[in-house]
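Participant: Below: sequence and its predicted model.
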Amino acid sequence: MTLDTFFQKFDQFADVPNAVPKMRELVLQLAVQGRLVEPAEDDEPVEQFLQRIWTDRTGNRFDVSDADTLRPFDLPPHWHWVALAQVAEFSIGRTPPRGDSRYWYPGDYSWVSIADMKHYRTITETKEKVSSLAAQEVFRQGFVEPGSILMSFKLTIGKVARAGIRCFHNEAIISLKPTQPELADYLFRFLPIFAALQTSNNAIKGSTLNRGLLTLLPVALPPPAEQKRIVAKVDELMALCDRLEAQQQEREARHAALATASLACFADAPTPANLDFLFHKSYDIAPADLRKTILTLAVQGKLVPQDPNDEPAEEFLALMTKRRGTTRHGTSNGDEAAKVSTKPLELPDCWAWAQFPDLGEFGRGKSRHRPRNDRSLFVGGKHRLVQTGDVARANGTIQTYTSLYNDVGLAQSRMWPAGTLCITIAANIADSGILGFDACFPDSVVGFIPSYPIPSARYFEYFMRTAKEHLEQFAPSTAQKNINLGILEQVWIPIPPLAEQRRIVAKVDQLMALVDQLEAQLATSRATTEKLMDALVAELTAQE
């Protein structure tokens, strides 16, 4: 396959993650391998070009072209591997002492940091400036002149930009301006590739090059006329990549609009016939959006039809209250000031509002101990201890545990039965899951066991997924975010009739299974396409 054919088949790879950046990288790789343009017999030989460079320079001429480090891969016979210091002089910047305001105020001259550099762009302004005193004492008037190339070599290695203004720069950046102007465009385009070769050929620690490695930075050098043709061809192909990226973004925007409209259509009329709006072959709706829509419709009473023959929720809630001999926390209307849950909505007929304490046992865990505090509670342990991380990973059902308590540890805690709804109130706030086994948990987790005749906690777990985002707003802005039990006790939950609860859970489970299948199909399709693209890239870049 040729590069032109590869570009023509872009639609086949459009869904690959970072498809366009991979194409840009491919273009650059082919360019520095000498496989992007054809040589010309009348081109000035590269050896003659190098002789001109060395004649024009006053010093620093040395020959390291035969060093193994300068041969990352084979080049065309009319090219030459050279070290960066053989074809351009560079300087490393500085940062004036931050504690001395005289070097920063007044800000007379622009001072470039990596944050000011946009890859392959021109710098016209900087966030910070240095004073004339800094220019004199720190930089010794060593200005970077407009047109110079800047490249980062610490932390972010290989980001390049041109200086559009007279400036200085910090010690994470080098600036260079080749003695032969025709070399500038070529280096500007390909320094990132050569920097990547240097980092891959050496054991780079801390994502930082040093002066020695920069001096020996391998540069694959073609004849000057071929350099110009390569740069022109790369610019042409990069412009094509820009157009493809714009087309991709436009297509994604259209698909996003279609997906949003489809979700809205299904939300307005969530009938089996309208499921095609969600699972349509013409566009992909993100599985996360599908799940969120399904759960929201479920707790709003819009996912399954109501049956007027169902026992109203108020009736079984009243019987539960009478059986406990307590007073309901609220009524179907509710106290507006006390509602912490998502915005109350108009409920379907036969539904009612209730709070967790109205519906069953509701309380925090009691296991305050951790393995690092008292190992004696865990030696020979056999009782599962579930913590917030296990709840966060649940995806519906909690299937992992962090530690095992022994009988001594369990005596200071309590065991909650399988089927308990767990809700986190610290770290990952309002994550939820149903225990898949008997377990105990610490006071950072709240447990809920619904009372008879509520069939299970599954409906309430679905509700918690829709309430998580709202509940996170009640966490204080501290390093360890948390909410208290009182917040959860005030949450108002839309309660459907018992029969409808069962129908909702069954329908949600059915639709979630479809979403899981869709997600698996999308992942398989993208993985296959990505492998195909990687194989084609490998074929195109393979050394002949």
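Facilitator: Done, it's in.
Participant: how about the nearest residue to residue 296, chain neighbours excluded?
Facilitator: Excluding its sequence neighbours, the residue lying closest to residue 296 (CB to CB, 6 or more residues apart in numbering) is residue 466, at 5.4 Å. All C-beta spots, glycine's among them, are computed from the backbone N, C-alpha and C.
Participant: Contact partners for that neighbour?
Facilitator: Applying CB atoms under 8 Å, 6 or more residues apart in numbering, we find residue 466 in contact with 292, 295, 296, 299, 342.
Participant: nearest to residue 493, of those residues?
Facilitator: Checking the contacts of residue 466 against residue 493 by CB to CB gives residue 299 as the nearest, at 8.0 Å.
Participant: if I look at the closest one, how far off is residue 250?
Facilitator: 36 Å (CB to CB, to the nearest Å).
Participant: neighbour count winner among these two?
Facilitator: More neighbours surround residue 299 than the other of residue 299 and residue 250, with 26 against 10 (other CB atoms under 10 Å).
Participant: what residues are up against the nearest residue to the more buried one once chain neighbours are set aside?
Facilitator: Excluding its sequence neighbours, the residue lying closest to residue 299 (CB to CB, 6+ apart) is residue 463, at 4.9 Å. Neighbouring residues of residue 463 by CB under 8 Å, 6+ apart: 295, 299, 493, 494.
Participant: Using CSV, lay out these together with distance to residue 121 and pLDDT.
Facilitator: Formatted as CSV, these follow (distance: CB to CB, whole Å; pLDDT from 0 to 100):
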residue, distance to residue 121, pLDDT
295, 44, 92
299, 48, 92
493, 53, 93
494, 52, 94
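Participant: Keep only those of these that are in helices.
Facilitator: If you go by DSSP state H, the contacts of residue 463 have 295, 299 in helices.
Participant: Can you tell me which of the contacts of residue 463 lies closest to residue 77?
Facilitator: residue 295 (64.8 Å).
Participant: Hmm, residue 511 and that closest one touching each other?
Facilitator: No. The pair residue 295 / residue 511 is not scored as a contact, 9.5 Å apart, by CB atoms under 8 Å.
Participant: quick one on the thing from earlier: which of the contacts of residue 466 has the most neighbours?
Facilitator: Result: residue 299 is most packed of the contacts of residue 466 (other CB under 10 Å), 26 neighbours.
Participant: correct me, but that one touches residue 462?
Facilitator: Yes. If you go by CB under 8 Å, residue 299 and residue 462 touch, sitting 6.5 Å apart.
Participant: re the thing from before, did I read that right, the residue nearest to residue 299 in a strand?
Facilitator: No. Applying DSSP: H, G, I helix; E, B strand; the rest coil, one finds residue 463 to be helix, outside a strand.
Participant: Against residue 356, how distant is it?
Facilitator: 10 Å.
Participant: Could I get the average pLDDT for the longest strand seen in the chain?
Facilitator: Counting residues, the longest strand found in the chain (DSSP state E) is strand 156-163. Mean per-residue pLDDT for strand 156-163: 94.
Participant: just stretch 429-442 next, same as before
Facilitator: Stretch 429-442 comes out at a mean pLDDT of 93.
Participant: buried sites along that stretch?
Facilitator: 429, 430, 431, 432, 433, 434, 435, 436, 439, 440, 441, 442 (16 or more other CB atoms under 10 Å).
Participant: coming back round to it: does the residue nearest to residue 296 belong to a helix or a strand, and which?
Facilitator: Element membership for residue 466 (DSSP states H and E) is helix 458-471.
Participant: Next one: residue 197 from residue 4, what distance?
Facilitator: On the measure of CB to CB, residue 197 and residue 4 end up 26 Å apart.
Participant: More neighbours: those two, which one.
Facilitator: Using other CB under 10 Å, the more surrounded residue of residue 197 and residue 4 is residue 197, with 20 against 9.
Participant: Hmm, that one is touching residue 71, no?
Facilitator: No. The pair residue 197 / residue 71 is not scored as a contact, 10.2 Å apart, by CB under 8 Å.
Participant: Kindly reformat the contacts of residue 463 as TSV containing distance to residue 424.
Facilitator: Below are the contacts of residue 463 laid out as TSV (distance: CB to CB, whole Å):
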residue	distance to residue 424
295	18
299	19
493	18
494	22
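Participant: any shared contact partners between residue 197 and residue 71?
Facilitator: Counting by CB under 8 Å, 6+ apart, the residues touching both residue 197 and residue 71 are residue 218.
Participant: Next, the buried residues of the helix holding residue 466.
Facilitator: 458, 459, 460, 461, 462, 463, 464, 465, 466, 467, 468, 471.
Participant: can you list the weak-confidence ranges in the stretch 201-350 of the chain?
Facilitator: Applying pLDDT under 70 to the stretch 201-350 of the chain flags the ranges 201-207, 267, 270-284, 326-344.
Participant: Now do the helices in the stretch 351-500 of the chain.
Facilitator: For the stretch 351-500 of the chain, applying DSSP state H, counting those that start in this stretch gives helices covering 356-359, 388-392, 407-411, 458-471, 485-489, 498-541.
Participant: With mean pLDDT and distance to residue 399 added, can I get those in CSV?
Facilitator: What follows is the helices of the stretch 351-500 of the chain, written out as CSV (pLDDT from 0 to 100; distance: least, CB to CB, whole Å):
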stretch, mean pLDDT, distance to residue 399
helix 356-359, 93, 24
helix 388-392, 92, 8
helix 407-411, 80, 21
helix 458-471, 91, 14
helix 485-489, 88, 23
helix 498-541, 83, 15
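Participant: Tell me which of the ones you listed approaches residue 259 most closely.
Facilitator: When the helices of the stretch 351-500 of the chain are compared (using CB to CB), the closest one is helix 498-541, at 12.5 Å.
Participant: Any chance you could list what contacts stretch 406-418?
Facilitator: Taking CB under 8 Å, 6+ apart as the rule, stretch 406-418 contacts 365-369, 376-383, 385, 405, 422, 435-441, 447, 449.
Participant: switch to 10 Å and redo it
Facilitator: By CB atoms under 10 Å, 6 or more residues apart in numbering, the list of residues contacting stretch 406-418 from outside reads 361, 363, 365-369, 371, 374, 376-386, 397-398, 403-405, 422, 434-443, 445, 447-449.
Participant: Now, the residues you listed that are in strands?
Facilitator: Judged by DSSP E, the subset of the contacts of stretch 406-418 located in strands is 361, 363, 383-385, 397-398, 403-405, 422, 434-435, 445, 447-449.
Participant: which ones are touching residue 497?
Facilitator: Residue 497 sits in contact with 306-307, 309-316, 348-352, 503, where contact means CB under 10 Å, 6+ apart.
Participant: measure the residue lying closest to it once chain neighbours are set aside to residue 506 for me?
Facilitator: Leaving aside its chain neighbours, residue 497 sits nearest to residue 310 (3.8 Å; criterion: CB to CB, 6+ apart). Distance, residue 310 to residue 506, using CB to CB: 15 Å.
Participant: repeat for residue 384
Facilitator: 29 Å.
Participant: Please identify which of these two sits among more neighbours.
Facilitator: Neighbours around residue 384 and residue 506, counted as other CB under 10 Å, are more numerous at residue 384. The numbers are 21 against 12.
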